[in-house]
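Engineer: model this:
(2 chains)
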2 protein chains.
Amino acid sequence: MVNPRLLPGAPTSRGLAFDLIRSQGPISRVELAERTGLTQATMSNVVRQLMVDGLVVEAGRRESTGGKPRTLLSIDPRARFALGVQLGADAVTVVLTDLGGTMVGRLRTRGVYGEAPDAAVARIAAVVADFLVGLGVPSERVAGLGLVTPGPIDLEHGSIHGAPPLEAWAGFPLVSAVHHATGLPVVLDNDATAAAIGEFWGGSVADSAAHCTVYYGAGIGAGIVLDGVVFRGASSNAGELGQVTTRAPGPFLANTTVEKLAGPVSVALKARAAVAAGREAGFALTGLDDPYADFSVVATAAVHGDPLALELIRDSAEHLAAAVVSIANVLDLDSVVLAGPNLAIAGALYLEAVRRRVDEDFFAQAAHGVSVELSAYVADAAAVGGAALVLQREIASRSAGSPASAPSAPSAPPEAP
Amino acid sequence: MVNPRLLPGAPTSRGLAFDLIRSQGPISRVELAERTGLTQATMSNVVRQLMVDGLVVEAGRRESTGGKPRTLLSIDPRARFALGVQLGADAVTVVLTDLGGTMVGRLRTRGVYGEAPDAAVARIAAVVADFLVGLGVPSERVAGLGLVTPGPIDLEHGSIHGAPPLEAWAGFPLVSAVHHATGLPVVLDNDATAAAIGEFWGGSVADSAAHCTVYYGAGIGAGIVLDGVVFRGASSNAGELGQVTTRAPGPFLANTTVEKLAGPVSVALKARAAVAAGREAGFALTGLDDPYADFSVVATAAVHGDPLALELIRDSAEHLAAAVVSIANVLDLDSVVLAGPNLAIAGALYLEAVRRRVDEDFFAQAAHGVSVELSAYVADAAAVGGAALVLQREIASRSAGSPASAPSAPSAPPEAP
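Structural biologist: Numbers count the residues shown, from 1 in each chain, chains lettered A, B, ... in the order given. All right, here's what the predicted structure looks like:
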């Protein structure tokens, strides 16, 4: 039996077959039946429908021992494309991936901080339209747009709760606005959750029983996948790793959070304070009211070995590492991926700290290790994950020809029963 | 449709029917069918088998509108009993519950600290035998013994990893030793997980989508139940809330854990240090090498308003509250129960602190609240949960007469698919 975890939450016959063809193809129907445990008749039906939908194509024949040659199947990676749009205060990232999850285009534009939601949506829709024209991808092959934002989100209403710095977006009908502006089916998810789904779609953590993608973006989130199923909690707001709370003794650190100790804003503020206090610094802060820009300056200087910058980044990395150890101990994780735009520069320093702390402090290490890796798409992991959300839904639920043109209800991978 | 979450991990027709009869009975077969969504024919078969097994009995008739009177069904609470044994360094608790989860007997004996595992098992088996004789319960009605210990445990081998202070128990064949010493089927689980299962069996948190029972025993653990299914992690070691880790600035608090900040041992050590430093204290520490005894002294003094004791307990409670907020934010919890022997005295002080911090700092409170309660069996919650483990297995899997006499493989509630 094949591991049914490759598609989080969608271990349908169709999903299993597609994923095996994608990851193991070219492969024959007989092998597919053997590896999924389905009958050959069922598998033939599933494959027929995947071919009718244009997702799978025949790709030659292979001699079999003592029988007639077997026809091999591959996916057609250009049969569908999906957009992923990462809506951030500091930047908006747009990616297009093909059906195999390979990124075929990427664009980064300014963030929505300070912009009215309706104006921002209109601007992003124009950017997306130009992007598709530039890539020359026929619009009928674009299965939809996966929109990812910092949490907390309201999946039921297709909106976000508008945590700082996106207060203005609270209650804005995000999914329907983006649908109307782009004409595409839209799915919405949390950036960290989408990034985790992207890691599963990409196959890097397909065997994990308890996985967390730590997302170091504007804040610090976590996408949690348990036994191959996305875990969302009571109101789809699980994974708020930045809201892991500490009460240290003394008045100054009472009720602080991981985000305040380890987040990029805290690094920027500490850098400003250190420079203002006359500490020697081999970097020049921007002087702008943009802590993320200053964080990037510090991260770059740390990578080049500036002592003050290294001290600041390592302090942040140690706090993040403690939070990863915490969630690993609470969830008995076997796999962690680090992702997020603010790990694009100094990700290796964070990776080193997290690996070391997990090696030292993971509670159940007598039982098993915890793999800790940087995402293959560190900065774009959430946007790539948004595209994976669309592809996953396309594979799991569709059964006829062309991509849907109707708006979708805000949807998400199936939950645990 | 009835909520299928009452029996964690066991939403079988049989389990659903039994649980409805237990929680809603006396109830008719027709109502059972309506509320489970099963056909009347299926429900009749399920009920017949439950009656053959002696678990369910007829309990009178009720007039129905326009039809013949309907026969009502109840569980027979005395049809089966289950033992729960909580193996602790500081104390061993033995409880007997009936089929309805009601505690019918309880006994507390000295802990196993410093005792060789085989000697401890022989002593406990003798205690259990006397206990059953004293209660006058026929041994053939005892379905088994649920053994609970502090984690981490090795469910596969029926042993524990022997975290301090139970180092001597690492690798000891606990399940088979207890089975051979008592003659009873034995199931093993983590104390915190068992306590959470006990809360579900008792029905207090039956509707929770994301629940955590925080277990304040020798250490600090958490039993996690997500969508009605026990969550165990990659190696059955999830829930190590005490191993939530903080790196506070400065050398002294580097790499500390919730257990070191909030656990009963830390309270005892701080009390000793305060007294040694000449702080005024309205309590007398034991002078014994037993931090749990000193913790109880401090907890008692705090309940009586001693300022130093209150300061120490409140400090511990605030750290525990921060950890509960952390796990609530990571898992988007809707329900928390506080349990454990070291909450028996000052549980109300801990409850107050946790409720206040959750009200202040729970991240998704725009979406929903988090219920926070003390367990109905605070001190004995793990032992009662051990008995619930046995009953749950009895209901979910058995289909014939008398309780099994063969040893069980170490078993546990089914996991998420």
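
Engineer: Below-threshold pLDDT in the stretch 151-300 of chain A: ranges please.
Structural biologist: Scanning the stretch 151-300 of chain A for pLDDT under 70 picks out the ranges A:248-254.

Engineer: Run through the stretch 301-417 of chain A and note the low-pLDDT ranges.
Structural biologist: In the predicted model of the stretch 301-417 of chain A, residues A:397-417 satisfy pLDDT under 70.

Engineer: What residues does it have near chain B?
Structural biologist: Taking CB under 8 Å from any CB of the partner chain as the measure of proximity, the stretch 301-417 of chain A contacts chain B at A:315, A:318-319, A:321-323, A:325-327, A:329-334, A:357, A:360-361, A:363-364, A:366-368, A:415-417. (Glycine included, C-beta is placed from N, CA and C.)

Engineer: change it to 10 Å
Structural biologist: Within the stretch 301-417 of chain A, the positions near chain B by CB under 10 Å from any CB of the partner chain are A:315, A:318-335, A:353, A:357, A:360-370, A:415-417.

Engineer: Type out the ChimeraX command that picks the buried ones from the residues you listed.
Structural biologist: In ChimeraX syntax, the buried subset of those is picked out as below (16 or more other CB atoms under 10 Å in any protein chain shown):
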select /A:315,318,319,320,321,322,323,324,325,326,327,328,329,330,331,332,333,334,335,353,357,361,362,363,364,365,367,368,370,416
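
Engineer: Give me the subset of the residues of the stretch 301-417 of chain A next to chain B lying in helices.
Structural biologist: Per DSSP state H, helices hold the following members of those: A:315, A:318-331, A:353, A:357, A:360-361.

Engineer: ok, residue A:63 - how many residues close by?
Structural biologist: Using other CB atoms under 10 Å in any protein chain shown, residue A:63 has 9 other residues around it.

Engineer: and the nearest residue to it once chain neighbours are set aside, what does it touch?
Structural biologist: Closest residue to residue A:63 apart from its sequence neighbours, by CB to CB, 6 or more residues apart in numbering or on different chains: residue A:69 at 5.4 Å. Shown in contact with residue A:69 (CB atoms under 10 Å, 6 or more residues apart in numbering or on different chains): A:28, A:60, A:61, A:62, A:63.

Engineer: Got phi/psi on the closest residue in space to residue A:38 that isn't next to it in sequence?
Structural biologist: In space, residue A:38 comes closest to residue A:13 once its chain neighbours are excluded; the distance is 5.8 Å by CB to CB, 6+ apart. Dihedral angles phi and psi of residue A:13 (degrees, to the nearest 10) take the values phi -60, psi -50.

Engineer: How confident was the prediction at residue A:13?
Structural biologist: With respect to pLDDT, residue A:13 scores 82.

Engineer: what's near enough to touch it?
Structural biologist: The contact partners of residue A:13, by CB under 10 Å, 6+ apart, come to A:32, A:36, A:37, A:38, A:42, A:43, A:45, A:46, A:49.

Engineer: mind listing the strands in the stretch 101-250 of chain A by residue range?
Structural biologist: A:103-110, A:142-149, A:153-154, A:159-160, A:186-190, A:210-216, A:220-226, A:229-231, A:245-246 (DSSP state E, counting those that start in this stretch).

Engineer: Output these as a markdown table; include the columns mean neighbour count and distance to residue B:305.
Structural biologist: Listed next are the strands of the stretch 101-250 of chain A as a markdown table, based on neighbours: other CB atoms under 10 Å in any protein chain shown; distance: least, CB to CB, whole Å:
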| stretch | mean neighbour count | distance to residue B:305 |
| --- | --- | --- |
| strand A:103-110 | 16 | 59 |
| strand A:142-149 | 29 | 49 |
| strand A:153-154 | 26 | 45 |
| strand A:159-160 | 24 | 47 |
| strand A:186-190 | 28 | 46 |
| strand A:210-216 | 30 | 44 |
| strand A:220-226 | 29 | 41 |
| strand A:229-231 | 26 | 43 |
| strand A:245-246 | 28 | 28 |
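
Engineer: Dump those to TSV, plus distance to chain B.
Structural biologist: Below are the strands of the stretch 101-250 of chain A laid out as TSV (distance: least, CB to the nearest CB, whole Å):
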stretch	distance to chain B
strand A:103-110	28
strand A:142-149	15
strand A:153-154	7
strand A:159-160	11
strand A:186-190	11
strand A:210-216	4
strand A:220-226	7
strand A:229-231	7
strand A:245-246	4
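
Engineer: Could you dump these into JSON lines and include distance to residue A:173?
Structural biologist: Output for the strands of the stretch 101-250 of chain A, formatted as JSON lines (distance: least, CB to CB, whole Å):
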{"stretch": "strand A:103-110", "distance to residue A:173": "22"}
{"stretch": "strand A:142-149", "distance to residue A:173": "12"}
{"stretch": "strand A:153-154", "distance to residue A:173": "10"}
{"stretch": "strand A:159-160", "distance to residue A:173": "6"}
{"stretch": "strand A:186-190", "distance to residue A:173": "11"}
{"stretch": "strand A:210-216", "distance to residue A:173": "25"}
{"stretch": "strand A:220-226", "distance to residue A:173": "23"}
{"stretch": "strand A:229-231", "distance to residue A:173": "24"}
{"stretch": "strand A:245-246", "distance to residue A:173": "32"}
